[in-house]
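[1] Kindly generate the corresponding structure for this input.
(one chain, ligands or ions: 6)
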Amino acid sequence: MWLLLIFSLLIFSKGLSARNPGIRLQITQKGIHIVNTVAADLLTKNVKTMKITKQTGHDINVNYDLTDIKIEKFQLGKSSFTRYTDTSLRWTAENIDLDIGGQYKYEYSRFFVKYSDKGSFTVNFSAMSFKIIIQLGTDGSGRSTVRTFQCVHTYGPIKYVFHGGQDWIFKLFAEKAIQGIRNQIQNNICGILKDLVEKNGQRVLSNVKVKIPVGNSMMVDYRLLSVPSMSTNYLEVHLRGTVLWRNSQTEASFSPATFPSNYDTTKMAYIAISNYVFNTMLYQAYRHNMLVFNITSRNIGYKKSMLNTTCKDNCIGKLIPQIAKSFPNCSVELHMTSTKQPVTNIGSIVSVTAEGNISVYVRELNNSLHYLFRVLAVSPIYTM
Ligand SMILES: *[C@@H]1O[C@H](CO)[C@@H](O)[C@H](O)[C@H]1NC(C)=O
Ligand SMILES: *[C@@H]1O[C@H](CO)[C@@H](O)[C@H](O)[C@H]1NC(C)=O
Ligand SMILES: *[C@@H]1O[C@H](CO)[C@@H](O)[C@H](O)[C@H]1NC(C)=O
Ligand SMILES: *[C@@H]1O[C@H](CO)[C@@H](O)[C@H](O)[C@H]1NC(C)=O
Ligand SMILES: *[C@@H]1O[C@H](CO)[C@@H](O)[C@H](O)[C@H]1NC(C)=O
Ligand SMILES: *[C@@H]1O[C@H](CO)[C@@H](O)[C@H](O)[C@H]1NC(C)=O
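    Ligands and ions are numbered 1, 2, ... in the order given. Below you'll find the predicted structure:
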(Lines give C-alpha, C1' and ligand atoms only; values in the text may rest on other atoms or scores of the structure.)
(Ligands and ions follow the chains in the order given, each with its own letter.)
Protein backbone atom coordinates (compact mmCIF):
# COMPACT_ATOMS: atom_id res chain seq x y z
CA MET A 1 0.00 0.00 0.00
CA TRP A 2 2.90 2.38 0.75
CA LEU A 3 4.01 2.01 -2.82
CA LEU A 4 0.63 3.14 -4.00
CA LEU A 5 1.02 6.15 -1.77
CA ILE A 6 4.43 6.90 -3.15
CA PHE A 7 3.09 6.37 -6.61
CA SER A 8 0.40 8.88 -5.89
CA LEU A 9 2.84 11.36 -4.44
CA LEU A 10 4.15 11.73 -7.91
CA ILE A 11 1.14 13.50 -8.85
CA PHE A 12 1.68 16.38 -6.47
CA SER A 13 3.44 19.23 -7.84
CA LYS A 14 3.98 22.81 -7.13
CA GLY A 15 5.93 25.37 -9.02
CA LEU A 16 8.48 24.42 -11.58
CA SER A 17 11.60 25.79 -9.97
CA ALA A 18 14.93 24.37 -10.96
CA ARG A 19 16.06 23.84 -7.38
CA ASN A 20 17.33 20.51 -6.16
CA PRO A 21 15.03 18.23 -4.20
CA GLY A 22 15.56 17.47 -0.51
CA ILE A 23 14.03 14.04 -1.06
CA ARG A 24 14.16 11.95 -4.22
CA LEU A 25 11.99 8.91 -4.85
CA GLN A 26 12.73 6.56 -7.68
CA ILE A 27 10.27 3.84 -8.46
CA THR A 28 11.68 1.12 -10.69
CA GLN A 29 9.80 -1.09 -13.12
CA LYS A 30 9.51 -3.59 -10.25
CA GLY A 31 7.71 -1.01 -8.15
CA ILE A 32 5.50 0.04 -11.02
CA HIS A 33 4.62 -3.60 -11.48
CA ILE A 34 2.98 -3.61 -8.04
CA VAL A 35 0.84 -0.67 -9.07
CA ASN A 36 -0.03 -2.55 -12.23
CA THR A 37 -1.18 -5.57 -10.25
CA VAL A 38 -3.35 -3.44 -7.99
CA ALA A 39 -4.81 -1.55 -10.97
CA ALA A 40 -5.56 -4.76 -12.84
CA ASP A 41 -7.38 -6.15 -9.79
CA LEU A 42 -9.41 -2.99 -9.35
CA LEU A 43 -10.32 -2.99 -13.02
CA THR A 44 -11.53 -6.59 -12.86
CA LYS A 45 -13.72 -5.74 -9.87
CA ASN A 46 -15.12 -2.62 -11.51
CA VAL A 47 -15.87 -4.26 -14.83
CA LYS A 48 -17.78 -7.04 -13.11
CA THR A 49 -20.23 -4.53 -11.69
CA MET A 50 -20.89 -2.98 -15.13
CA LYS A 51 -24.60 -2.80 -15.90
CA ILE A 52 -25.61 -4.03 -19.30
CA THR A 53 -29.16 -3.09 -20.18
CA LYS A 54 -31.50 -5.62 -21.73
CA GLN A 55 -31.69 -5.93 -25.49
CA THR A 56 -35.15 -6.02 -26.96
CA GLY A 57 -36.17 -5.66 -30.56
CA HIS A 58 -37.90 -7.20 -33.49
CA ASP A 59 -36.98 -8.31 -36.91
CA ILE A 60 -39.25 -9.22 -39.79
CA ASN A 61 -41.21 -11.88 -37.97
CA VAL A 62 -39.61 -12.13 -34.59
CA ASN A 63 -39.69 -10.26 -31.27
CA TYR A 64 -36.84 -10.91 -28.88
CA ASP A 65 -35.70 -10.03 -25.37
CA LEU A 66 -32.26 -10.56 -23.89
CA THR A 67 -32.43 -9.95 -20.15
CA ASP A 68 -30.40 -10.55 -16.94
CA ILE A 69 -27.26 -9.82 -18.87
CA LYS A 70 -24.29 -10.26 -16.54
CA ILE A 71 -20.53 -10.32 -16.81
CA GLU A 72 -19.46 -13.76 -15.71
CA LYS A 73 -15.77 -13.55 -16.30
CA PHE A 74 -13.31 -10.77 -16.96
CA GLN A 75 -9.67 -11.72 -17.13
CA LEU A 76 -6.74 -9.53 -18.07
CA GLY A 77 -4.20 -11.61 -19.92
CA LYS A 78 -1.32 -9.18 -19.77
CA SER A 79 -1.32 -5.73 -18.25
CA SER A 80 1.55 -3.28 -18.00
CA PHE A 81 2.47 0.33 -17.28
CA THR A 82 5.23 1.76 -19.42
CA ARG A 83 6.79 5.11 -20.15
CA TYR A 84 4.96 7.09 -22.79
CA THR A 85 6.46 10.58 -22.51
CA ASP A 86 8.54 12.32 -19.84
CA THR A 87 5.42 12.91 -17.79
CA SER A 88 3.03 10.20 -18.83
CA LEU A 89 2.56 6.48 -18.71
CA ARG A 90 0.72 4.09 -20.93
CA TRP A 91 -1.44 1.38 -19.48
CA THR A 92 -1.77 -1.50 -21.91
CA ALA A 93 -3.77 -4.69 -21.47
CA GLU A 94 -3.93 -7.53 -23.95
CA ASN A 95 -5.58 -10.91 -24.30
CA ILE A 96 -8.55 -9.92 -22.22
CA ASP A 97 -11.28 -12.54 -21.99
CA LEU A 98 -14.79 -11.40 -21.30
CA ASP A 99 -17.69 -13.81 -20.90
CA ILE A 100 -21.25 -12.64 -20.63
CA GLY A 101 -24.33 -14.63 -19.78
CA GLY A 102 -28.05 -13.93 -19.80
CA GLN A 103 -31.58 -15.10 -20.58
CA TYR A 104 -33.32 -14.92 -23.93
CA LYS A 105 -36.92 -15.10 -25.02
CA TYR A 106 -38.37 -14.88 -28.53
CA GLU A 107 -41.69 -15.10 -30.32
CA TYR A 108 -41.79 -15.92 -34.00
CA SER A 109 -44.93 -15.59 -36.04
CA ARG A 110 -45.42 -15.82 -39.75
CA PHE A 111 -48.91 -16.55 -41.13
CA PHE A 112 -49.95 -19.54 -39.08
CA VAL A 113 -46.45 -20.59 -38.06
CA LYS A 114 -45.73 -19.63 -34.47
CA TYR A 115 -42.79 -20.42 -32.27
CA SER A 116 -41.82 -19.10 -28.90
CA ASP A 117 -38.94 -20.14 -26.70
CA LYS A 118 -36.72 -19.07 -23.89
CA GLY A 119 -33.45 -20.14 -22.31
CA SER A 120 -29.97 -19.00 -21.50
CA PHE A 121 -27.19 -17.69 -23.69
CA THR A 122 -23.50 -16.86 -23.42
CA VAL A 123 -21.36 -14.40 -25.36
CA ASN A 124 -17.59 -14.72 -25.25
CA PHE A 125 -15.35 -11.87 -26.29
CA SER A 126 -11.77 -12.94 -26.81
CA ALA A 127 -8.45 -11.23 -27.46
CA MET A 128 -9.73 -7.84 -26.36
CA SER A 129 -7.14 -5.16 -25.64
CA PHE A 130 -6.94 -1.55 -24.54
CA LYS A 131 -4.43 1.25 -24.29
CA ILE A 132 -4.84 4.38 -22.25
CA ILE A 133 -2.47 7.25 -21.53
CA ILE A 134 -2.14 8.49 -17.95
CA GLN A 135 -0.88 12.03 -17.79
CA LEU A 136 0.72 13.16 -14.53
CA GLY A 137 0.28 16.80 -13.65
CA THR A 138 -0.37 19.41 -11.05
CA ASP A 139 -3.13 21.85 -10.27
CA GLY A 140 -0.64 24.43 -9.01
CA SER A 141 -1.70 24.38 -5.35
CA GLY A 142 0.52 21.55 -4.26
CA ARG A 143 -2.15 19.03 -5.09
CA SER A 144 -1.88 16.73 -8.01
CA THR A 145 -3.87 15.63 -10.97
CA VAL A 146 -4.01 12.45 -13.01
CA ARG A 147 -5.80 12.58 -16.34
CA THR A 148 -6.44 9.92 -18.89
CA PHE A 149 -6.27 10.36 -22.65
CA GLN A 150 -6.50 8.40 -25.84
CA CYS A 151 -8.37 5.36 -24.70
CA VAL A 152 -8.28 2.82 -27.53
CA HIS A 153 -9.68 -0.69 -27.45
CA THR A 154 -9.94 -3.52 -29.91
CA TYR A 155 -11.84 -6.80 -30.09
CA GLY A 156 -11.02 -10.22 -31.36
CA PRO A 157 -13.59 -12.83 -32.43
CA ILE A 158 -16.90 -12.97 -30.58
CA LYS A 159 -18.57 -16.35 -29.98
CA TYR A 160 -22.08 -16.84 -28.76
CA VAL A 161 -24.24 -19.79 -27.88
CA PHE A 162 -28.01 -19.89 -27.33
CA HIS A 163 -29.19 -22.93 -25.46
CA GLY A 164 -32.41 -24.54 -26.76
CA GLY A 165 -34.59 -22.82 -29.35
CA GLN A 166 -34.39 -22.87 -33.12
CA ASP A 167 -31.10 -22.06 -34.79
CA TRP A 168 -32.74 -20.54 -37.86
CA ILE A 169 -34.71 -18.14 -35.65
CA PHE A 170 -31.56 -17.07 -33.72
CA LYS A 171 -30.00 -16.26 -37.07
CA LEU A 172 -32.70 -13.64 -37.56
CA PHE A 173 -31.74 -11.51 -34.55
CA ALA A 174 -28.60 -12.77 -32.82
CA GLU A 175 -26.05 -10.65 -34.72
CA LYS A 176 -27.99 -7.49 -34.05
CA ALA A 177 -28.61 -8.25 -30.36
CA ILE A 178 -25.00 -9.22 -29.72
CA GLN A 179 -23.90 -6.05 -31.47
CA GLY A 180 -26.04 -4.11 -29.01
CA ILE A 181 -24.25 -5.78 -26.11
CA ARG A 182 -20.87 -5.18 -27.70
CA ASN A 183 -21.65 -1.50 -28.20
CA GLN A 184 -22.46 -1.13 -24.52
CA ILE A 185 -19.20 -2.74 -23.51
CA GLN A 186 -17.32 -0.56 -25.98
CA ASN A 187 -19.00 2.56 -24.69
CA ASN A 188 -18.40 1.66 -21.06
CA ILE A 189 -14.89 0.29 -20.95
CA CYS A 190 -13.13 3.61 -21.47
CA GLY A 191 -15.40 5.26 -18.92
CA ILE A 192 -14.52 2.58 -16.39
CA LEU A 193 -10.81 3.01 -17.09
CA LYS A 194 -11.07 6.78 -16.81
CA ASP A 195 -12.99 6.58 -13.52
CA LEU A 196 -10.64 4.00 -12.16
CA VAL A 197 -7.55 6.09 -12.80
CA GLU A 198 -8.93 9.54 -12.15
CA LYS A 199 -11.32 8.89 -9.25
CA ASN A 200 -9.28 6.27 -7.43
CA GLY A 201 -6.09 8.16 -8.15
CA GLN A 202 -7.54 11.40 -6.88
CA ARG A 203 -8.96 9.75 -3.77
CA VAL A 204 -5.60 8.29 -2.84
CA LEU A 205 -3.87 11.55 -3.67
CA SER A 206 -6.09 13.80 -1.66
CA ASN A 207 -5.33 11.65 1.40
CA VAL A 208 -1.61 12.04 1.08
CA LYS A 209 -0.31 14.64 3.49
CA VAL A 210 2.08 17.10 1.90
CA LYS A 211 2.97 18.79 5.17
CA ILE A 212 3.66 16.52 8.09
CA PRO A 213 4.19 17.89 11.62
CA VAL A 214 7.45 17.27 13.43
CA GLY A 215 7.13 17.80 17.15
CA ASN A 216 4.90 20.63 18.26
CA SER A 217 6.22 23.46 16.20
CA MET A 218 7.73 22.25 12.94
CA MET A 219 6.61 20.43 9.85
CA VAL A 220 8.19 18.82 6.84
CA ASP A 221 7.09 20.10 3.47
CA TYR A 222 6.74 17.13 1.13
CA ARG A 223 5.28 18.97 -1.83
CA LEU A 224 6.48 18.07 -5.26
CA LEU A 225 8.97 20.39 -6.84
CA SER A 226 8.00 19.44 -10.35
CA VAL A 227 5.82 17.07 -12.31
CA PRO A 228 7.19 13.54 -11.76
CA SER A 229 9.31 12.36 -14.61
CA MET A 230 9.40 9.05 -16.32
CA SER A 231 12.70 7.72 -17.59
CA THR A 232 13.43 4.26 -18.95
CA ASN A 233 14.50 3.03 -15.52
CA TYR A 234 12.52 5.07 -13.06
CA LEU A 235 9.52 7.06 -12.27
CA GLU A 236 11.29 9.87 -10.46
CA VAL A 237 9.71 12.15 -7.91
CA HIS A 238 11.32 15.27 -6.50
CA LEU A 239 10.04 16.50 -3.15
CA ARG A 240 11.01 19.69 -1.38
CA GLY A 241 11.88 17.99 1.88
CA THR A 242 12.28 21.27 3.70
CA VAL A 243 11.43 21.75 7.36
CA LEU A 244 9.32 24.79 8.18
CA TRP A 245 8.29 26.48 11.39
CA ARG A 246 4.58 25.85 11.61
CA ASN A 247 3.34 29.39 11.81
CA SER A 248 5.97 31.25 9.89
CA GLN A 249 6.80 29.22 6.75
CA THR A 250 10.12 30.99 6.22
CA GLU A 251 12.43 28.70 4.33
CA ALA A 252 16.08 28.21 5.14
CA SER A 253 18.37 30.32 2.99
CA PHE A 254 20.51 27.41 1.81
CA SER A 255 19.67 24.77 -0.80
CA PRO A 256 20.14 21.06 -1.12
CA ALA A 257 23.09 19.66 -3.04
CA THR A 258 22.50 17.56 -6.14
CA PHE A 259 21.95 13.88 -5.46
CA PRO A 260 24.42 11.47 -6.97
CA SER A 261 22.99 9.40 -9.82
CA ASN A 262 21.62 6.00 -9.02
CA TYR A 263 21.87 3.24 -11.60
CA ASP A 264 20.66 0.40 -9.46
CA THR A 265 17.28 -1.00 -10.42
CA THR A 266 17.21 -4.20 -8.43
CA LYS A 267 14.85 -2.87 -5.75
CA MET A 268 11.29 -1.66 -6.14
CA ALA A 269 12.00 1.87 -5.01
CA TYR A 270 14.84 4.08 -3.88
CA ILE A 271 14.47 6.95 -1.46
CA ALA A 272 17.28 9.45 -1.07
CA ILE A 273 17.18 11.99 1.75
CA SER A 274 19.52 14.94 1.68
CA ASN A 275 21.44 16.47 4.61
CA TYR A 276 19.33 19.43 3.70
CA VAL A 277 16.25 17.92 5.37
CA PHE A 278 18.01 17.68 8.74
CA ASN A 279 19.84 20.94 8.31
CA THR A 280 16.62 22.83 7.67
CA MET A 281 15.22 21.28 10.83
CA LEU A 282 18.23 22.43 12.85
CA TYR A 283 18.07 25.79 11.13
CA GLN A 284 14.47 26.26 12.24
CA ALA A 285 15.20 25.04 15.75
CA TYR A 286 18.14 27.40 16.04
CA ARG A 287 16.25 30.35 14.60
CA HIS A 288 13.43 29.82 17.06
CA ASN A 289 15.67 29.33 20.10
CA MET A 290 14.80 25.70 20.43
CA LEU A 291 18.47 24.90 20.87
CA VAL A 292 18.50 26.82 24.15
CA PHE A 293 17.79 24.56 27.06
CA ASN A 294 18.61 23.99 30.69
CA ILE A 295 19.71 20.75 32.20
CA THR A 296 18.70 20.52 35.84
CA SER A 297 18.07 17.68 38.23
CA ARG A 298 14.36 18.29 37.67
CA ASN A 299 14.46 17.61 33.93
CA ILE A 300 17.19 15.06 33.36
CA GLY A 301 14.96 12.24 34.51
CA TYR A 302 17.66 9.61 34.51
CA LYS A 303 20.20 9.68 37.37
CA LYS A 304 18.98 12.91 38.88
CA SER A 305 21.71 12.79 41.52
CA MET A 306 24.42 13.22 38.87
CA LEU A 307 24.11 16.96 39.31
CA ASN A 308 24.48 16.89 43.10
CA THR A 309 27.46 18.55 44.62
CA THR A 310 27.55 16.09 47.51
CA CYS A 311 27.21 12.37 47.03
CA LYS A 312 28.69 8.97 47.83
CA ASP A 313 29.54 7.62 44.38
CA ASN A 314 28.97 9.47 41.16
CA CYS A 315 28.13 13.11 40.81
CA ILE A 316 29.53 16.39 39.58
CA GLY A 317 30.84 17.14 43.08
CA LYS A 318 33.19 14.15 42.77
CA LEU A 319 34.29 15.32 39.32
CA ILE A 320 34.99 18.88 40.45
CA PRO A 321 35.81 18.71 44.16
CA GLN A 322 36.04 22.52 44.43
CA ILE A 323 32.29 22.72 43.79
CA ALA A 324 31.60 20.07 46.44
CA LYS A 325 33.67 22.03 48.90
CA SER A 326 32.18 25.44 48.25
CA PHE A 327 28.57 24.35 47.72
CA PRO A 328 27.78 21.17 49.71
CA ASN A 329 24.31 19.63 49.51
CA CYS A 330 23.39 21.70 46.40
CA SER A 331 22.83 20.85 42.76
CA VAL A 332 24.32 22.12 39.54
CA GLU A 333 22.46 23.44 36.50
CA LEU A 334 23.74 23.65 32.95
CA HIS A 335 22.28 26.36 30.76
CA MET A 336 23.01 25.63 27.14
CA THR A 337 22.79 28.06 24.25
CA SER A 338 23.80 27.16 20.76
CA THR A 339 25.86 29.90 19.20
CA LYS A 340 25.84 28.64 15.64
CA GLN A 341 23.45 26.61 13.58
CA PRO A 342 24.33 22.94 13.87
CA VAL A 343 25.08 21.12 10.61
CA THR A 344 24.29 17.52 9.83
CA ASN A 345 26.32 15.43 7.51
CA ILE A 346 25.10 12.17 6.13
CA GLY A 347 27.78 10.04 4.62
CA SER A 348 28.72 6.59 5.75
CA ILE A 349 28.14 7.99 9.23
CA VAL A 350 25.70 10.60 10.44
CA SER A 351 27.24 13.45 12.32
CA VAL A 352 25.92 16.66 13.72
CA THR A 353 28.35 19.46 14.33
CA ALA A 354 27.15 21.94 16.88
CA GLU A 355 28.60 24.87 18.74
CA GLY A 356 27.33 26.34 21.93
CA ASN A 357 28.00 27.93 25.30
CA ILE A 358 27.29 25.92 28.36
CA SER A 359 26.99 28.09 31.45
CA VAL A 360 27.35 26.21 34.70
CA TYR A 361 25.50 27.38 37.83
CA VAL A 362 24.90 26.10 41.31
CA ARG A 363 21.36 26.19 42.69
CA GLU A 364 22.00 27.17 46.30
CA LEU A 365 20.03 26.01 49.32
CA ASN A 366 18.16 29.32 49.44
CA ASN A 367 17.24 28.67 45.76
CA SER A 368 19.38 31.44 44.28
CA LEU A 369 21.57 30.69 41.28
CA HIS A 370 25.30 31.14 41.56
CA TYR A 371 27.24 31.43 38.29
CA LEU A 372 30.34 29.25 38.14
CA PHE A 373 31.89 29.22 34.66
CA ARG A 374 31.18 28.91 30.95
CA VAL A 375 32.30 26.31 28.44
CA LEU A 376 32.36 26.92 24.73
CA ALA A 377 31.63 23.58 23.16
CA VAL A 378 32.40 22.85 19.51
CA SER A 379 31.94 19.23 18.63
CA PRO A 380 30.32 16.62 16.55
CA ILE A 381 27.62 15.99 19.09
CA TYR A 382 26.19 12.93 17.52
CA THR A 383 27.64 10.24 15.39
CA MET A 384 26.55 6.76 14.50
C1 LIG B 1 -18.03 -18.80 -22.83
O2 LIG B 1 -18.16 -18.34 -21.47
C3 LIG B 1 -18.82 -19.24 -20.62
C4 LIG B 1 -18.98 -18.57 -19.29
O5 LIG B 1 -17.73 -18.18 -18.73
C6 LIG B 1 -18.06 -20.55 -20.55
O7 LIG B 1 -18.75 -21.46 -19.72
C8 LIG B 1 -17.88 -21.10 -21.96
O9 LIG B 1 -17.08 -22.24 -21.91
C10 LIG B 1 -17.24 -20.10 -22.89
N11 LIG B 1 -17.20 -20.59 -24.23
C12 LIG B 1 -16.15 -20.50 -25.01
C13 LIG B 1 -16.29 -21.02 -26.40
O14 LIG B 1 -15.08 -19.98 -24.62
C1 LIG C 1 17.11 28.42 32.14
O2 LIG C 1 17.15 28.89 33.47
C3 LIG C 1 17.22 30.31 33.60
C4 LIG C 1 17.39 30.65 35.07
O5 LIG C 1 16.49 29.89 35.85
C6 LIG C 1 15.99 30.94 32.99
O7 LIG C 1 16.09 32.34 33.08
C8 LIG C 1 15.87 30.51 31.55
O9 LIG C 1 14.66 30.97 30.99
C10 LIG C 1 15.89 29.00 31.43
N11 LIG C 1 15.93 28.65 30.04
C12 LIG C 1 15.12 27.74 29.49
C13 LIG C 1 15.27 27.48 28.02
O14 LIG C 1 14.29 27.14 30.18
C1 LIG D 1 20.81 14.89 45.52
O2 LIG D 1 20.32 16.13 46.00
C3 LIG D 1 18.94 16.14 46.27
C4 LIG D 1 18.58 17.56 46.70
O5 LIG D 1 19.19 18.48 45.87
C6 LIG D 1 18.62 15.14 47.35
O7 LIG D 1 17.24 15.10 47.58
C8 LIG D 1 19.14 13.78 46.93
O9 LIG D 1 18.95 12.84 47.95
C10 LIG D 1 20.59 13.82 46.54
N11 LIG D 1 21.02 12.55 46.05
C12 LIG D 1 22.12 11.93 46.48
C13 LIG D 1 22.42 10.57 45.83
O14 LIG D 1 22.83 12.40 47.33
C1 LIG E 1 24.60 18.16 54.10
O2 LIG E 1 23.64 17.16 54.39
C3 LIG E 1 24.09 16.19 55.30
C4 LIG E 1 23.00 15.12 55.45
O5 LIG E 1 21.73 15.68 55.36
C6 LIG E 1 24.38 16.86 56.64
O7 LIG E 1 24.87 15.90 57.54
C8 LIG E 1 25.41 17.93 56.43
O9 LIG E 1 25.61 18.65 57.64
C10 LIG E 1 24.94 18.91 55.36
N11 LIG E 1 26.02 19.85 55.10
C12 LIG E 1 25.80 21.17 55.05
C13 LIG E 1 27.01 22.02 54.83
O14 LIG E 1 24.69 21.66 55.17
C1 LIG F 1 29.10 32.47 24.32
O2 LIG F 1 30.19 32.77 25.19
C3 LIG F 1 31.01 33.82 24.77
C4 LIG F 1 32.07 34.01 25.79
O5 LIG F 1 32.62 32.78 26.16
C6 LIG F 1 30.19 35.09 24.59
O7 LIG F 1 31.00 36.11 24.08
C8 LIG F 1 29.01 34.84 23.66
O9 LIG F 1 28.19 35.98 23.60
C10 LIG F 1 28.21 33.68 24.14
N11 LIG F 1 27.17 33.43 23.21
C12 LIG F 1 25.91 33.19 23.58
C13 LIG F 1 24.95 32.95 22.46
O14 LIG F 1 25.56 33.14 24.75
C1 LIG G 1 21.73 32.77 49.18
O2 LIG G 1 22.85 32.35 49.98
C3 LIG G 1 24.12 32.85 49.55
C4 LIG G 1 25.19 32.32 50.45
O5 LIG G 1 24.91 31.05 50.91
C6 LIG G 1 24.12 34.38 49.53
O7 LIG G 1 25.35 34.86 49.03
C8 LIG G 1 22.96 34.88 48.69
O9 LIG G 1 22.89 36.28 48.76
C10 LIG G 1 21.64 34.29 49.14
N11 LIG G 1 20.61 34.70 48.22
C12 LIG G 1 19.41 35.06 48.62
C13 LIG G 1 18.42 35.48 47.51
O14 LIG G 1 19.10 35.04 49.76
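[2] quick one: the strands in the stretch 1-150 of the chain?
    23-28, 55-59, 62-75, 78-85, 88-110, 113-138, 144-154 (DSSP state E, counting those that start in this stretch).
[3] nearest to ligand 2, of the ones you listed?
    strand 23-28 (31.4 Å; CB to the nearest ligand atom). Where you see a C-beta, it was placed from the backbone N, CA and C, and this is true even at glycine.
[4] neighbours of residue 253, just the number please.
    Using other CB atoms under 10 Å, residue 253 is surrounded by 7 other residues.
[5] what does residue 40 give?
    With other CB under 10 Å as criterion, residue 40 counts 18.
[6] Ligand 5 versus the nearest residue to it once chain neighbours are set aside, what's the distance?
    Of all residues not flanking residue 40 in the chain, residue 79 sits nearest, at 4.4 Å (CB to CB, 6 or more residues apart in numbering). Taking CB to the nearest ligand atom, to the nearest Å as the measure, residue 79 falls 62 Å from ligand 5.
[7] in the sheet, who's paired with residue 79?
    residue 93 (DSSP bridges).
[8] Kindly report the same for residue 358.
    Beta-bridge pairing of residue 358 under DSSP bridges involves residue 336, residue 375.
[9] Help me confirm that it comes into contact with residue 339.
    No. Residue 358 lies out of contact with residue 339 (CB atoms under 8 Å); the separation is 10.5 Å.
[10] re the thing from before, among the strands of the stretch 1-150 of the chain, which is the most enclosed?
    Burial of the strands of the stretch 1-150 of the chain is given as mean neighbour count (mean count of other CB atoms under 10 Å); strand 23-28 ranks first at a mean of 22.
[11] Spell out which parts of the chain neighbour ligand 1.
    Taking CB under 6 Å from any ligand atom as the criterion, the chain approaches ligand 1 at residues 72-73, 99, 101, 122, 124, 159.
[12] what are the pairing partners of the helix or strand containing residue 160, and which direction each?
    Taking DSSP states H and E as the definition, residue 160 sits inside strand 158-162. Here strand 158-162 is paired, per DSSP bridges, with strand 113-138 (antiparallel).
[13] For the strand it pairs with, give the mean pLDDT please.
    Regarding strand 113-138, the rounded mean pLDDT is 90.
[14] now the angle between strand 88-110 and that strand, please.
    Calculated by axes from the mean of the first three to the mean of the last three CA atoms, to 10 degrees, strand 113-138 forms an angle of 170 degrees with strand 88-110.
[15] Distance to ligand 2 for the residues of the chain next to ligand 1 - can I get that in CSV?
    Putting these into CSV (distance: CB to the nearest ligand atom, whole Å) gives the following:
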residue, distance to ligand 2
72, 71
73, 69
99, 72
101, 75
122, 78
124, 76
159, 80
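[16] wait, which of these is closest to residue 165?
    residue 122 (13.6 Å; CB to CB).
[17] I figured the residue nearest to residue 40 hits residue 95, correct?
    No. Judged on CB under 8 Å, residue 79 makes no contact with residue 95 at a distance of 9.6 Å.
[18] mind listing the helices for the stretch 251-384 of the chain?
    Here the stretch 251-384 of the chain has its helices, by DSSP state H, counting those that start in this stretch, at 275-287, 316-319, 321-326.
[19] Quick check: buried residues in the first one?
    Okay, so that is helix 275-287. For helix 275-287, the neighbour count (16 or more other CB atoms under 10 Å) marks 275-286 as buried.
[20] Those into a markdown table, with extra columns for pLDDT and distance to residue 364?
    A markdown table is the format used below for those (pLDDT from 0 to 100; distance: CB to CB, whole Å):
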| residue | pLDDT | distance to residue 364 |
| --- | --- | --- |
| 275 | 84 | 44 |
| 276 | 89 | 45 |
| 277 | 87 | 44 |
| 278 | 84 | 40 |
| 279 | 87 | 40 |
| 280 | 90 | 41 |
| 281 | 87 | 37 |
| 282 | 85 | 35 |
| 283 | 88 | 38 |
| 284 | 89 | 36 |
| 285 | 85 | 32 |
| 286 | 85 | 32 |
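[21] The residues you listed: which ones sit near ligand 4?
    Okay, of these, nothing touches ligand 4 (CB under 6 Å from any ligand atom).
[22] sorry, back to before: give the contact list for the residue nearest to residue 40.
    36, 39-40, 43, 91-94 (CB atoms under 8 Å, 6 or more residues apart in numbering).
[23] from the buried residues of helix 275-287, which is closest to residue 131?
    For the buried residues of helix 275-287, the nearest to residue 131 is residue 277 (39.2 Å; CB to CB).
[24] gap between that closest one and residue 288?
    Distance, residue 277 to residue 288, using CB to CB, to the nearest Å: 17 Å.
[25] just for the stretch 251-384 of the chain, where's the confidence low?
    301-302, 347-352, 377-384 (pLDDT under 70).
[26] Quick check: the residue of it nearest ligand 1.
    Taking CB to the nearest ligand atom, the stretch 251-384 of the chain has residue 268 as its residue nearest ligand 1, at 34.8 Å.
[27] tell me the contacts of that residue?
    Taking CB under 8 Å, 6+ apart as the test, what residue 268 contacts is 3, 27-28, 30-31, 34.
[28] one more time with 7 Å
    3, 28, 30-31, 34 (CB atoms under 7 Å, 6 or more residues apart in numbering).
[29] Ok, residue 23 next?
    By CB under 7 Å, 6+ apart, residue 23 lies in contact with 239, 241, 271-273, 277.
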